[in-house]
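Trainee: missing the sequence, but the structure's below:
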């Protein structure tokens with residue numbers, strides 16, 4: 001009887017440790033997504049400043065500026081990693097077009113505000129990339145933990161769901177935008 005009681009105790013202890021591990025990974029995954037969200041907000045806040053700075057010099061390039069603002073609005077309203085990946089990709093493409101057009105305007109290339117904003121956006125893009133990588137790493141760890149035996153028995157019973165990975169959904173978004181910030185003529 002003591003052996004049976006000891007086995008039941010071990011199973012209960014294992015279930016508690018497994019549950020706590022899954023909760024920890026779930027919370028780390030949520031934190032990873034929030035880190036992406038923080039960087040995306042920073043990006044979204046910088047874009048109107050950039051657009052307003054270049055608006056006067058690029059008066060006849062209204063379509064490009066409108067596309068950037070519209071893409072930003074769609075990206076701000078994104079829900080979840082898959083939707084965010086798609087909408088942020090569209091925003092990246094619109095920004096790439098804006099930066100490419102800015103190269104054709106010598107006054108913009110020499111404008112310190114434009115240069116500073118472009119550098120801030122480039123820095124933010126790097127931070128977003130690192131945050132996405134961290135999120136996908138921890139989300140994958142969480143998904144593996146809940147999908148492997150015998151943890152999957154507890155995860156399934158307690159309603160744990162797989163974390164959605166942040167991935168590029170449009171093939172053209174996999175190409176890095178060709179942006180030259182060197183200010184060379």
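Mentor: That came through fine. Just so you know, these numbers come straight off a predicted model, no measurement behind them. Residues are numbered from 1 along each chain as shown.

Trainee: all helices for the chain, in order.
Mentor: 2-55, 62-76, 80-102, 106-109, 112-147, 151-157 (DSSP state H).

Trainee: What residue, apart from its backbone neighbours, is nearest residue 80 spatially?
Mentor: residue 164 (5.9 Å; CB to CB, 6 or more residues apart in numbering). From N, CA and C alone the C-beta is placed, and that goes for glycine too.

Trainee: For residue 85, grab the count of nearby residues.
Mentor: 20 (other CB atoms under 10 Å).

Trainee: what's the answer for residue 113, then?
Mentor: 13.

Trainee: That one: what's its closest spatial neighbour, skipping adjacent residues?
Mentor: Per CB to CB, 6+ apart, closest to residue 113 is residue 53, 4.9 Å.

Trainee: Tell me which residues touch the one you found, please.
Mentor: Residues counted as contacts of residue 53 (CB atoms under 8 Å, 6 or more residues apart in numbering) are 111, 113-114, 117.

Trainee: What pLDDT is listed against it?
Mentor: Note on residue 53: pLDDT of 76.

Trainee: Look up how far residue 106 lies from it.
Mentor: 15 Å (CB to CB, to the nearest Å).

Trainee: Tell me the buried residues in stretch 12-25?
Mentor: 15, 18-19, 22, 25 (16 or more other CB atoms under 10 Å).

Trainee: Rounded mean pLDDT for it, please.
Mentor: Here the average pLDDT along stretch 12-25 is 94.

Trainee: Then stretch 35-47?
Mentor: 89.

Trainee: mind listing what the closest residue to residue 137 other than its chain neighbours touches?
Mentor: Using CB to CB, 6+ apart and skipping residues adjacent in sequence, the residue nearest residue 137 is residue 32, 7.9 Å away. Counting by CB under 8 Å, 6+ apart, residue 32 makes contact with 131, 134-139.

Trainee: List only those of the contacts of residue 53 flagged as buried.
Mentor: By 16+ other CB under 10 Å, these give 111, 114, 117 as buried.

Trainee: pLDDT value on the nearest residue to residue 19 once chain neighbours are set aside, please?
Mentor: Spatial nearest neighbour of residue 19, excluding adjacent residues (CB to CB, 6+ apart): residue 154 at 6.1 Å. At residue 154, the predicted lDDT confidence score is 89.
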